[in-house]
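Participant: okay, predicted coordinates and the sequence, questions at the end:
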There are 2 protein chains.
Amino acid sequence: MSVVDRLPGGVTAAAGFAADGVACGIKRAAGVRDLGLLVSEVECTAAAVFTTNRIQAAPVRLSRRHVACGRAQALFVNSGNANACAGAGGEADALAMAELAAQRLGLATERILVASTGMIGQRLPMEKIRRGLAELQPSRAGGGAFAEAIVTTDSMPKEFAVRVALGRREAGIGGAAKGSGMIHPNMATMLSFLTTDAAVPAPLLQDMLRTAVDRSFHAITVDGDTSTNDSVFLLANGRSGAPPLVAGSPEALAFQEGLDEVCKHLAKAIARDGEGSTKLIEVQVRGALDDMQARLVARTVAGSSLVKAAVYGSDPNWGRIACAAGYSGAEVDFERMDVAVGAMALVRGGEILAFDRHAAAEALRGPDVLITLDLHLGAGTGMAWGCDLTERYVEINAEYTT
Amino acid sequence: MSVVDRLPGGVTAAAGFAADGVACGIKRAAGVRDLGLLVSEVECTAAAVFTTNRIQAAPVRLSRRHVACGRAQALFVNSGNANACAGAGGEADALAMAELAAQRLGLATERILVASTGMIGQRLPMEKIRRGLAELQPSRAGGGAFAEAIVTTDSMPKEFAVRVALGRREAGIGGAAKGSGMIHPNMATMLSFLTTDAAVPAPLLQDMLRTAVDRSFHAITVDGDTSTNDSVFLLANGRSGAPPLVAGSPEALAFQEGLDEVCKHLAKAIARDGEGSTKLIEVQVRGALDDMQARLVARTVAGSSLVKAAVYGSDPNWGRIACAAGYSGAEVDFERMDVAVGAMALVRGGEILAFDRHAAAEALRGPDVLITLDLHLGAGTGMAWGCDLTERYVEINAEYTT
């Protein structure tokens, strides 16, 4: 295990990063933070993964252009308004956010990345943002305020950091994320901001981020909806003093492990915080034809409304689990399939076991539910996280008024 | 309009078909019909469309083999037990059902199609089925009893029939279906049995059924789960006296129209009967690059949990509709998109209109909700039906005990 240990904090856990968050009045509730700034002492290599939704918010389009050169130095973010579906004015507002932050920090506009989350179809209140920016005082201690400033319907801010050994040196990797599992009122988005003081060339940084996202944020499924604003950013400023990572080296593998750890922790926190949810569901799949098929089965099972409702009711309903695997699109054969909840085997090689219903229901009662499938077809493995489906989810999403 | 008019009845509305349904004790509740037989006076051409789930129930596998030659004369069906995931014994039971019906009717086993729906993972009670079969007395009047015998969690039986003009002759097309939208407890399946007294060569019959299913049953989306038993069967016995249909002829087009009508009516009845639902949602999409993309958008919007919950709450949430279109996988551009609910335009060419919220909420309040999207990208059109998502859906599916 190369991940040395957990660090306190989030986006400012790694050396050379400063952040802050303030309330500037975009959100209706008074005094709730809604504007955040994250900045590195020095220019960073930068990587990002964006939503695959065909409708992309203005800040996504702008940040995609800025990150394309692989360099950035600051992130300027607001919550309460997603700046999506807001026409040409919205595009201008996203650019204005980058320009304002660049001016304030004395950087080139192209080195600023922006992100927004919240209501869609409304113009950003630029005057409030301008005033809020003047109040932001980024510091090492401000990581928590930044994490608070990016949330919308989240029940709590989400941050995490680790320290990894890179040969004889160490580097920090930290981050903050927002998302309440379900992409709530008008698609209020999953966002994650990651920082490290390792030195990582931009193309390698992008590869590693893509890998970590596949293993974490892409493994979360809550209601199948993909937002217009989903973004994950990673800045690497090299302030640890460790030499630049080389693809395939032991140091690069250690860094990947640490990055995976941070991303997985944040992704699970989002899944657990799903609207109305009471349980985190982890689905582990083995024995698929390949890893992609295993992941497909895991995501389909974790995303099935019938499975999610059964878990909510602590019902060991192996039939719904097997059925979801069957329509996932992956190769499956019920006659070979094993299904278990927690440590309790329900089906082995397609044979329905005479399991103790009471004990099986118990395995579904805790806040962490594990569903395991072995397809016995190949060596593919994969997993997914989701949450249960409750009456409260329907209430939240039906009661909401545009 | 070539569909002359609606006929009373269902599977026995066309000439030369007889049916019946009895209670044989597969379902726990006493006296509830659970065994049905449908038979034609003469051998029919036959077509069928089956579930795409990789896990297929034994009756699906058997009927797929029997219908492959394009001929059949009777359908033997039970509800209360799906005969799925029941091992080699289940395969033998499906074959035994066909053999018993063949014996009773004096037909070859290969001319019998079978279907089952209900609980999975349990062997069929063959002795009850044997005794029930002896009680079945198929008649023209027995279509309603057959329709009752195939339901599971449906709130009502579903049947429909029409008469179509084929040149100077007429033919009847009728059917019965089951499915309560959500594929309830252990995937209890969508089944549909269609009959006609038109004369239709088997390959043409299969083409026409595939087309009708694409326009109807494949346009229903309720919770995205696809059962192990889903099947649609169509038998054509030629008893109308109309000459055999020729592909592309005006008569074939008229028949297709009538078949579409019956399938759409039954499909909408299933969507409307979704577990816990209070509203039927129809999504109409125009202006997609092609029909396939239009259908994809329609199904994705109708299937979005966030859209379904918004409709339940009568919330004119155009953002969730546009977002679902965005992640459907089809080409969309918000800047060109029109969105409307009922007759009320919400978005035009990506511009959010100053619509009357109260009136828009009214358009979502009735039992039939229409959502319209025009993508303004091409000539593709498509549609889908779904239902709203309610607290009751979660209750039904969480409370259920295996």
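Facilitator: Perfect, I can see it now. Residues are numbered from 1 along each chain as shown, chains lettered A, B, ... in the order given.

Participant: now do stretch A:44-59: distance from first to last residue.
Facilitator: Stretch A:44-59 has an end-to-end distance of 20 Å (C-alpha to C-alpha, to the nearest Å).

Participant: report the buried residues of that stretch.
Facilitator: For stretch A:44-59, the neighbour count (16 or more other C-beta atoms under 10 Å in any protein chain shown) marks A:44-51, A:53-59 as buried. All C-beta spots, glycine's among them, are computed from the backbone N, C-alpha and C.

Participant: so who does the residue of the stretch 1-150 of chain A found nearest chain B touch?
Facilitator: Nearest to chain B in the stretch 1-150 of chain A, going by C-beta to the nearest C-beta, is residue A:55, at a distance of 3.5 Å. Residues counted as contacts of residue A:55 (C-beta atoms under 8 Å, 6 or more residues apart in numbering or on different chains) are A:84, A:85, A:228, B:322, B:323, B:325, B:326, B:332, B:333, B:334.

Participant: what is the helix or strand harbouring the fourth one packed up against?
Facilitator: Secondary-structure assignment from DSSP states H and E places residue B:322 in helix B:318-326. Contacts defined by 3 or more C-beta pairs under 8 Å, 6 or more residues apart in numbering or on different chains; DSSP states H and E place helix B:318-326 against helix A:184-187, helix B:291-303, helix B:305-312, strand B:338-341, strand B:344-348, strand B:368-374.

Participant: tilt between it and strand B:344-348?
Facilitator: If you take axes from the mean of the first three to the mean of the last three C-alpha atoms, to 10 degrees, helix B:318-326 sits at 60 degrees to strand B:344-348.

Participant: from the chain's centre, how far out does helix B:318-326 sit?
Facilitator: Chain-centre distance of helix B:318-326: 27 Å, with C-alpha atoms, centre = their mean, to the nearest Å.

Participant: also stretch A:282-292?
Facilitator: Here stretch A:282-292 is found 21 Å from its chain centre; the criterion is C-alpha atoms, centre = their mean.

Participant: can I get that stretch in CSV, CA atoms only?
Facilitator: The C-alpha trace of stretch A:282-292 is given here as CSV (Å, rounded to 0.1, in the frame of the first residue of the first chain):
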residue,chain,number,x,y,z
GLU,A,282,-21.9,-1.1,-3.5
VAL,A,283,-22.1,-3.6,-6.3
GLN,A,284,-19.1,-5.8,-7.0
VAL,A,285,-19.0,-7.9,-10.2
ARG,A,286,-16.5,-10.6,-10.9
GLY,A,287,-16.2,-13.2,-13.7
ALA,A,288,-17.5,-11.0,-16.6
LEU,A,289,-16.0,-11.4,-20.1
ASP,A,290,-14.0,-8.2,-19.5
ASP,A,291,-13.8,-5.2,-17.2
MET,A,292,-16.0,-3.1,-19.3
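
Participant: pLDDT weak spots in chain A?
Facilitator: Within chain A, the stretches with pLDDT under 70 are A:1-4, A:181-189, A:222-226, A:399-402.

Participant: ok, longest strand in it?
Facilitator: Determined from DSSP state E, the single longest strand within chain A is strand A:35-50.

Participant: whatever helix or strand comes next after that strand to strand A:35-50, inter-axis angle?
Facilitator: Per DSSP H and E, the first helix or strand lying C-terminal to strand A:35-50 is helix A:58-67. Helix A:58-67 and strand A:35-50 are oriented at 70 degrees to each other (the same axes, to 10 degrees).
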